[in-house]
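[1] Provided below for reference: sequence and predicted model.
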Amino acid sequence: MRRRGVSAGSLDTLVDPADLPAEPSQPVVAPPPPVRLQTEFTFHLPRGYVDEDGTVHREGSMRLATARDELAPLVDLRVKQNPAYLSIVLLSLVVTRLGTITQVRAEVIERLFASDLAFLQDLYRRINAEGHTLAEVTCPDCESVFEVDLAGGRPGES
């Protein structure tokens, strides 16, 4: 295919694209990979949820809360009657799995041991306010400082 070219000497000279100089080679720089935000965190409950059959559920996952998650409990009648129920409703919205239970309802959160409820409340605060589940701790013996993941691991592991 031939195109008409424009030059100072002749306005109607036909130019073959093959005769055009090649563009200077520039290094091709790949765009940076998109930043991935961790939105789901796995956890291991200290005691575990015991269902009706006596099965203990300890492994689970919690997702980041949205603005809707924070607002929804405020119109819940249970929360209006008892403001302390707010954390129960809120956790039931953000806990996505507890063992084999994939529909975590407020009734499940209600039946957790107090230590597990406190664990989930702290985990919620950490991932939504601080963005991670790590905590800096100091060894009482050697006084070295290191990080531990509060969400995971079996007792005695770090």
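    Now that the structure is in, tell me what you want to look at.

[2] which helices and strands sit right next to the helix or strand hosting Asp116?
    For Asp116, the host element (DSSP states H and E) is helix 114-125. Under the contact definition 3 or more Cβ pairs under 8 Å, 6 or more residues apart in numbering; DSSP states H and E, helix 114-125 sits against strand 40-50, strand 56-63, helix 86-94. Quick note: C-beta positions are derived from backbone N, CA and C, even for glycine.

[3] Not counting the following helix or strand past the shortest one itself, show me its contacts.
    The C-terminal neighbour of strand 56-63 among helices and strands, as given by DSSP H and E, is helix 67-71. Contacts of helix 67-71 from elsewhere in the structure, counted by Cβ atoms under 8 Å, 6 or more residues apart in numbering, are Leu90, Leu93, Val94.

[4] Relative to Glu40, how far out is the nearest residue to Arg105 once chain neighbours are set aside?
    Spatial nearest neighbour of Arg105, excluding adjacent residues (Cβ to Cβ, 6 or more residues apart in numbering): Ser92 at 5.6 Å. To Glu40, Ser92 is 16 Å away according to Cβ to Cβ, to the nearest Å.

[5] neighbour-wise, which of these two wins?
    A count of neighbours by other Cβ atoms under 10 Å puts Ser92 above the other of Ser92 and Glu40, at 18 against 12.

[6] Tell me how far that one lies from Arg111.
    Using Cβ to Cβ, Ser92 is found at 11 Å from Arg111.

[7] quick one: the nearest residue to Gly60 once chain neighbours are set aside and Asp69, what's the gap?
    Leaving aside its chain neighbours, Gly60 sits nearest to Leu98 (4.2 Å; criterion: Cβ to Cβ, 6+ apart). Note on Leu98: its distance to Asp69, by Cβ to Cβ, is 17 Å.

[8] Pretty sure Leu112 is one of the things the residue nearest to Arg105 touches, is it not?
    No. Ser92 lies out of contact with Leu112 (Cβ atoms under 8 Å); the separation is 10.6 Å.

[9] which residues does Val50 bridge with?
    The residues listed as beta-bridge partners of Val50 by DSSP bridges are Val56.
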